[in-house]
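> Prediction below, plus the sequence it came from.
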Amino acid sequence: MLGTGIASAVGYAATAYSYNLGRFQYDSNQRQNSMHQTQNMRLALWNLFREDVRDLFELTSSNMSTYMVVGTLIMSCAISFIAIGYKDFPMDPPWLLLLWNNSVFCCITFGLVSVWLAMHGSISSNSARVKILTQAVRPPVPSVVEVQKAMRSQEHYEGLGGQAFLQPPQFLGGASEKDVAPGHQPEAPGHGFSERPEAHGPGRQMSDGSMPPTGMDGGMVARLGDEDGGPGRSAVLYSHFWMLRRVQRGYACFDAYSRICLAVAAQQLLLVEA
């Protein structure tokens, strides 16, 4: 009788050990897959942020390239009018020649300034893009320590003690969450860039006179938008949009003034042709 009881106990212990080992292996596999999936999602999210940076700066670069091409064509037309049309221009009345000369040289001058501003703005925007992509918006590549934390070896199971070896199946629910994979949130861009407008000071206001957003709620999403719609809820969680708005102040002026000079040069070219 005693031997039968000992054999039954040994059989139960072996079955329970084997069952709990299989459950540990299954939980470890699920935990590892969950952590790896989280790391892949983080990389995909930050790659999306890098694409946002490239798209926004590419818009400025394409505008600057257009300004340089159009400005060069305007200057070429004005110079060709000097070479071809000056000898056949009527000298009477004399003030008409003076006005024509003023229009020609104004066209060349403003066209040259527009091309110079566009070239300088393109260089500034490209430099800012490289600075952001290399210093701030970097994908969070998992380190060796993070990869090792996702692993579970046999030693972990053996270190749980006899209670884990003989634990019966939990038919009634209430599963333990002691081995849940820890969440990893992407770090906000740093390296000297302010994360959001509130980093400039508690009393600083935005350009429209309203206070900057202070929490991740619906109001913050609304402040990111304009008449064409906002960038989305993901922009609330991270700071690359605020960082881009701050960096844009360094080269947006070149875009505006180059466009103005180009418009003046085109106007003067119309006067020359008239």
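Structure received. Because the structure is predicted, anything quoted here is derived from the model rather than measured. Numbering: from 1, shown residues only.

> what about Trp100, neighbour count?
Trp100 is surrounded by 19 other residues when neighbours are defined as other Cβ atoms under 10 Å. For the C-beta atoms, the positions are set from N, CA and C on the backbone; glycine is no exception.

> before we move on, what about the one 10 residues further on?
Counted by other Cβ under 10 Å, the residues lying close to Phe110 total 24.

> And it, which helix or strand is it part of?
For Phe110, the element it lies in under DSSP states H and E is helix 94-135.

> Equivalent analysis for Glu51, please.
helix 2-85.

> what packs against that helix?
Packed against helix 2-85, as judged by 3 or more Cβ pairs under 8 Å, 6 or more residues apart in numbering; DSSP states H and E, are the following elements: helix 94-135, helix 144-149, helix 154-158, helix 162-165, helix 240-248, helix 252-273.

> Could you give the average pLDDT over the first one?
It stands for helix 94-135. Per-residue confidence for helix 94-135 averages out to 88 on the pLDDT scale.

> Equivalent analysis for the third one, please.
Model confidence over helix 154-158, given as mean pLDDT, is 68.

> ok, now the second one?
Here the mean pLDDT over helix 144-149 is 81, rounded to a whole number.

> Report the contact partners of Val141.
The neighbourhood of Val141, defined by Cβ atoms under 8 Å, 6 or more residues apart in numbering, consists of Leu43.

> Any regions of the stretch 151-274 of the chain where pLDDT drops low?
Flagging of the stretch 151-274 of the chain using pLDDT under 70 yields the residue ranges 154-155, 157-159, 161-166, 168-241.

> could you redo the last one with a cut-off of 50?
Low-confidence regions of the stretch 151-274 of the chain, defined by pLDDT under 50, span residues 179-217, 220-221, 224.

> Buried deepest among the helices and strands packed on helix 2-85, which one?
For the helices and strands packed on helix 2-85, the largest average neighbour count (mean count of other Cβ atoms under 10 Å) is found in helix 240-248, namely a mean of 20.

> Tell me what angle that helix forms with helix 252-273.
On the basis of axes from the mean of the first three to the mean of the last three Cα atoms, to 10 degrees, helix 240-248 is oriented at 50 degrees to helix 252-273.

> returning to that earlier point: next, the angle helix 240-248 makes with the helix holding Glu51.
Using the same axes, to 10 degrees, helix 2-85 lies at 30 degrees relative to helix 240-248.

> re earlier: pipe the helices and strands packed on helix 2-85 into TSV and attach distance to Ala9 per row.
Listed next are the helices and strands packed on helix 2-85 as TSV, based on distance: least, Cβ to Cβ, whole Å:
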stretch	distance to Ala9
helix 94-135	64
helix 144-149	37
helix 154-158	20
helix 162-165	13
helix 240-248	62
helix 252-273	79
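
> and of those helices, who's closest to Asn33?
When the helices and strands packed on helix 2-85 are compared by Cβ to Cβ, helix 144-149 sits nearest Asn33, at 13.3 Å.

> Which other helices and strands does that closest one contact?
Counting by 3+ Cβ pairs under 8 Å, 6+ apart, the elements that helix 144-149 packs against turn out to be helix 2-85.

> for Arg152, phi and psi?
Reported as degrees, to the nearest 10, the phi and psi values for Arg152 are phi -140, psi 120.

> Near the residue nearest to it when sequence neighbours are not counted, how many other residues are there?
Sequence neighbours aside, Ser28 is the residue nearest to Arg152 in space, at 3.6 Å (criterion: Cβ to Cβ, 6 or more residues apart in numbering). Counted by other Cβ under 10 Å, the residues lying close to Ser28 total 18.
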